[in-house]
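> Okay, here's the prediction I keep looking at, along with the sequence it came from:
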Amino acid sequence: MKKLVRNLLTGSILIGAFSSVVANATATTIDVYKSPTCKCCAKWVDHMRANGFTVNTHDVGNKEVRERAGISTTLGSCHTALVDGYAIEGHVPAQDIKRFLKERPRAIGLTAPGMPHGSPGMEGARSDPYDVLLINKQGDTTVYSRHLPSDPKESLMRLK
């Protein structure tokens, strides 16, 4: 009986270790261009890591990389990320990026223009509704997803 338990435990440990290796091998790498002093960008990077992304940060600002990606300043934010041939501008939630990478549309990428209160990295006392926009190859946008505050009362108060 002891031998059976030991073998089961050893097998469980090996399976767990293998699963961890597989999960890490399939992690998507994202390069983030940001200011070295921006705290909300650092929080967004933490959000991405917590959602399974491997993140490389480049503390050089994001103006040049945003321009190279073809994202207008009107759609801009405080950081720009590059992942799998796409650009992600600003505080876009990880679940939107994961869905976007599965769908692989013909597009430049996604943006959450400005710095929406309540978006990942911008959490705090205030939370506003905001849209994540898909930027097509011509630079035009359509709404990709809508995000509402988690407290419906707060959402109603903001709409009045």
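Structure's in. What do you need?
> residue contacts, the residue most central in space within the chain?
By CA atoms, centre = their mean, the chain has its centre lying nearest to residue 94, at 3.4 Å. Residues in contact with residue 94, defined by CB atoms under 8 Å, 6 or more residues apart in numbering, are 47, 48, 50, 51, 52, 53, 120. Using the backbone N, CA and C atoms, a C-beta is placed for each residue, glycine as well.
> same deal with residue 75?
89, 111, 113, 133, 135, 141.
> So what does residue 44 look like in phi/psi?
Residue 44 has phi and psi values of phi -70, psi -40 when expressed as degrees, to the nearest 10.
> Kindly apply the preceding question to residue 64 instead.
Per degrees, to the nearest 10, the backbone of residue 64 is at phi -70, psi -40.
> how many other residues sit next to it?
Counted with other CB atoms under 10 Å, residues neighbouring residue 64 total 11.
> And for the one 10 residues further on?
Residue 74: 10 surrounding residues under other CB under 10 Å.
> cool, and residue 125?
6.
> Check whether it sits in a helix, strand or coil.
Three-state call for residue 125 (DSSP: H, G, I helix; E, B strand; the rest coil): coil.
> Just the CA atoms from stretch 139-149 would do, formatted as PDB, please.
Listed in PDB are the C-alpha atoms of stretch 139-149, where the atom choice follows Å, rounded to 0.1, in the frame of the first residue of the first chain:
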ATOM      1  CA  GLY A 139      -6.400  52.900 -39.400                       C
ATOM      2  CA  ASP A 140     -10.200  53.000 -39.000                       C
ATOM      3  CA  THR A 141     -11.800  51.600 -35.800                       C
ATOM      4  CA  THR A 142     -14.800  49.500 -34.700                       C
ATOM      5  CA  VAL A 143     -15.800  48.600 -31.200                       C
ATOM      6  CA  TYR A 144     -14.200  45.200 -30.300                       C
ATOM      7  CA  SER A 145     -15.500  45.000 -26.700                       C
ATOM      8  CA  ARG A 146     -17.300  47.100 -24.200                       C
ATOM      9  CA  HIS A 147     -16.400  47.200 -20.500                       C
ATOM     10  CA  LEU A 148     -18.700  48.400 -17.800                       C
ATOM     11  CA  PRO A 149     -17.900  49.100 -14.100                       C
END
